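Q: below is the sequence, then the predicted model.
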Amino acid sequence: TFSGLLETQSFHEADEDVVTDVDFTNMISEEEKEELKTELAKLEDEISTLRQVLAAKEKHLVEIKQKLGISLMNELKQNFSKSWHDMQTTSAYKKTHETLSHAGQKATAAISNVGTAISKKFGDMRYQHL
């Protein structure tokens with residue numbers, strides 16, 4: 001699930017790493033410090049709750065997909081098919097496809113002409129030996 005990808009370190013801890021050289025405690029009053037600590041605790045609690053909700057929703061998503069028979073392989077196939085279709089509809093792909101198709105037709109015609117020329121040459125040689 002995606003919950004394992006979520007950051008496990010609290011934002012408070014991450015911020016401490018960034019601002020270790022600056023001491024803000026002397027710039028704010030004791031009352032402001034208490035308000036900030038209360039707000040910090042509330043935010044950390046909300047983040048924890050949101051992570052739990054997200055994990056529950058991801059679990060429910062997996063259950064629904066299993067009931068519908070949607071596997072990871074099916075999703076990958078669908079994504080690949082959509083990407084392939086999207087790529088084929090781009091003007092660059094169409095132009096390249098047309099150019100290669102035209103080149104292929106010319107190559108086929110050239111090979112056919114060479115084959116005809118060789119056949120004719122062998123035919124001429126056969127008539128010369130008769």
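A: Right, received. Where do you want to start?
Q: list the contacts of the residue most central in space within the chain.
A: Per CA atoms, centre = their mean, the C-alpha nearest to the average position across the chain is that of Asn79, at 9.0 Å. Residues near Asn79 by CB atoms under 8 Å, 6 or more residues apart in numbering: none. C-betas here are computed from N, CA, C, even on glycine.
Q: any idea which element it lies in?
A: Applying DSSP states H and E as the criterion places Asn79 in helix 72-88.
Q: from the chain's centre, how far out does that helix sit?
A: Counting by CA atoms, centre = their mean, to the nearest Å, helix 72-88 is centred 11 Å from the centre of its parent chain.
Q: could you list every helix and strand in contact with the helix or strand that comes right after that helix?
A: The C-terminal neighbour of helix 72-88 among helices and strands, as given by DSSP H and E, is helix 91-129. Applying 3 or more CB pairs under 8 Å, 6 or more residues apart in numbering; DSSP states H and E, one finds that helix 91-129 makes contact with helix 72-88.
Q: for the helix it packs on, output the C-alpha coordinates as CSV.
A: Output of helix 72-88 as CSV, limited to C-alpha atoms (Å, rounded to 0.1, in the frame of the first residue of the first chain):
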residue,chain,number,x,y,z
LEU,A,72,-2.2,-5.3,-10.9
MET,A,73,-1.5,-7.0,-14.2
ASN,A,74,-4.8,-5.9,-15.6
GLU,A,75,-4.2,-2.3,-14.5
LEU,A,76,-0.7,-2.3,-16.1
LYS,A,77,-2.1,-3.7,-19.3
GLN,A,78,-4.8,-1.0,-19.4
ASN,A,79,-2.3,1.7,-18.6
PHE,A,80,0.1,0.4,-21.3
SER,A,81,-2.8,0.2,-23.9
LYS,A,82,-3.9,3.8,-23.1
SER,A,83,-0.3,5.0,-23.3
TRP,A,84,0.3,3.2,-26.6
HIS,A,85,-3.0,4.7,-28.0
ASP,A,86,-2.1,8.2,-26.8
MET,A,87,1.4,7.9,-28.4
GLN,A,88,-0.1,6.6,-31.7
